[in-house]
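[1] take this sequence and fold it.
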Amino acid sequence: MGNALRFLYSRCCKPTTAGGSHGVSTTDDGVSALSHDLFQFDTTSQVPEGLSNHVVSSKKAQANWYRKLLDAWREAKPPPKTPEEASRFVVQTLKRHQKADVEGLLAYYGLPHQPSASCPTSSSQVVKFELQTLPVDLKAVPDGDTITVYVSTTDPRESANLPRQVRLAADQRSKARAAKNYTKADELHKKITDSGYRVLNLQNQEILARKYRIRLRGIDAPESSMPYGKEAKAELVKLIQGKCLSVVVYDEDRYGRCVGDIYCDGKFVQEVLLKKGLAWHYSAYDNRVELENWEKEARAKRVGLWASTNPEKPWEWRKNKRQRVAQIKLL
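    Below you'll find the model as predicted:
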């Protein structure tokens, strides 16, 4: 092993015992854990067991990443010492690899997400937290601006906040299934889902995950029964189905949904929908100039809903629908 890696590991990078399956309780611990795993890989040529829960590529591909990271770490002068430095180090070293894998690796170590260069500048709102999701299911997309995602409880942030009763129910369910007591297992899973969690089966492995409903920040897509409503949903499905997402959460709406920006395979999802004329810039709640310009670009090209002369705004459509329902109730 290179002296730089051995020195940093021995001085400051002992792995912690708190937190998720990797033992990472904070992003600072993530730097230590990364160094520890590189030390282990140099000795055993084995990648961490829990990594496959966060990435989509094979163990063989993972070994290739660690080989590259190890070589780059040895050459780094000095090697990364902060979460931000470690995150940039991983992204730069693995820039030719799948975005989902790089983001999954960052999530595994609890390192901060590095958004793409095309990411729009934020408005005055402050980021509350970031999510690195498991692959998105087709059924998780009800329309063009809302999705349901799941985050593994092995994620450091989730592990630190996992309710004790959910953890116990998950353990008891596993034992019930092993004993082939599926009735009891189903009852325990209902307790888990009622608490906002779910046990997912991914690649023949059960993963306890937390459920999040996400409202795409800054856009308003046509409702399903409106013109281009089905097209907006189809485009969103095409962008994210089966993919791991990075979600930057800014707020929570009155329906309990997280309001955030969605990134997938290096793309800013709201940008794609706006440029294809499948969503409006929701300027009443978001003042970012980039989103306004992407809508103007689609209008000028008359693509998507802008092929119509005067398309109805979704928020006006919803308001009119509420008024019609209120009138019917009065009759």
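
[2] contacts and neighbour counts: CA atoms only from here.
    Fine.

[3] find the residue closest to Thr133 in space, skipping its chain neighbours.
    Val151 (4.7 Å; Cα to Cα, 6 or more residues apart in numbering).

[4] domain map for the chain?
    Following automatic domain parsing, one gets these domains for the chain: 3-109, 129-155+195-307.

[5] make CSV from those and add distance to Lys321, mean pLDDT and mean neighbour count to it.
    Listed next are these as CSV, based on distance: least, Cα to Cα, whole Å; pLDDT from 0 to 100; neighbours: other Cα atoms under 10 Å:
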stretch, distance to Lys321, mean pLDDT, mean neighbour count
domain 3-109, 40, 75, 18
domain 129-155+195-307, 11, 94, 19
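
[6] just put those in CSV and tack on distance to Asn320.
    Shown next, in CSV, are the domains of the chain (distance: least, Cα to Cα, whole Å):
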stretch, distance to Asn320
domain 3-109, 41
domain 129-155+195-307, 13
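
[7] so which of those domains is nearest Leu331?
    Of all these, it is domain 129-155+195-307 that lies closest to Leu331, at 24.8 Å by Cα to Cα.

[8] can you give me the strands in the stretch 101-250 of the chain?
    Under the criterion DSSP state E, counting those that start in this stretch, the stretch 101-250 of the chain contains strands at 129-132, 146-152, 197-202, 205-216, 219-220, 246-252.

[9] ok, residues contacting the second one?
    By Cα atoms under 8 Å, 6 or more residues apart in numbering, the residues outside strand 146-152 that reach it are 53, 131-134, 136, 140-141, 158, 207-216.

[10] the same query, at a cut-off of 7 Å, please.
    With Cα atoms under 7 Å, 6 or more residues apart in numbering as the test, strand 146-152 has contacts from 132-134, 136, 140-141, 207-216.

[11] rewinding a little: so which of the strands of the stretch 101-250 of the chain gets nearest Lys276?
    strand 219-220 (12.6 Å).

[12] pull the distance from that closest one to the chain's centre.
    Relative to the mean C-alpha coordinate of its chain, strand 219-220 is positioned 19 Å out (Cα atoms, centre = their mean, to the nearest Å).

[13] determine the set of other helices and strands touching that strand.
    Packing partners of strand 219-220 (3 or more Cα pairs under 7 Å, 6 or more residues apart in numbering; DSSP states H and E): strand 280-281.

[14] and the strand it packs on, how far from the chain's centre?
    Centre to centre, stretch against its chain (Cα atoms, centre = their mean), the figure for strand 280-281 is 23 Å.

[15] neighbouring strands of it in the sheet, and parallel or not?
    The sheet places strand 280-281 alongside strand 219-220 (antiparallel), with pairing taken from DSSP bridges.

[16] residues contacting the strand it pairs with, please?
    Asp145, Gln270, Ala279, Trp280, His281, Tyr282, Pro314.

[17] now those residues as CSV including distance to Asn293?
    Shown next, in CSV, are these (distance: Cα to Cα, whole Å):
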residue, distance to Asn293
Asp145, 19
Gln270, 12
Ala279, 13
Trp280, 11
His281, 9
Tyr282, 12
Pro314, 19
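
[18] which two from those end up farthest apart in space?
    Across those (Cα to Cα), the longest gap, 16.1 Å, separates Gln270 and Pro314.

[19] Ala326 should be in a helix, yeah?
    Yes: using DSSP: H, G, I helix; E, B strand; the rest coil, the assignment for Ala326 is a helix.

[20] show me what contacts it?
    The contact partners of Ala326, by Cα under 7 Å, 6+ apart, come to none.

[21] quick check: the gap between it and Ser224.
    21 Å (Cα to Cα, to the nearest Å).

[22] ok, now Val289?
    Counting by Cα to Cα, the gap from Val289 to Ser224 is 27 Å.

[23] how about Tyr282?
    17 Å.

[24] stretch 160-177: which residues count as buried?
    Neighbour counts over stretch 160-177 (16 or more other Cα atoms under 10 Å) mark Ala160, Leu162, Val166, Ala169, Ala170, Gln172, Arg173, Ser174, Ala176 as buried.

[25] so the third one touches Asp194, yeah?
    Put plainly, it is Val166. No: counting by Cα atoms under 7 Å, Val166 does not reach Asp194; the two are 9.8 Å apart.

[26] check what pLDDT Gln125 gets.
    What the model reports for Gln125 is a pLDDT of 69.

[27] I should have written Cys119 there, sorry.
    pLDDT at Cys119 comes out at 58.

[28] contact partners of stretch 57-67?
    Leu38, Val47, Asp101.

[29] how about those in JSON lines, adding distance to Tyr228?
    Output for the contacts of stretch 57-67, formatted as JSON lines (distance: Cα to Cα, whole Å):
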{"residue": "Leu38", "distance to Tyr228": "49"}
{"residue": "Val47", "distance to Tyr228": "46"}
{"residue": "Asp101", "distance to Tyr228": "33"}
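
[30] so of those residues, which ones are in helices?
    In helices, defined here by DSSP state H, the members of the contacts of stretch 57-67 are Leu38, Asp101.
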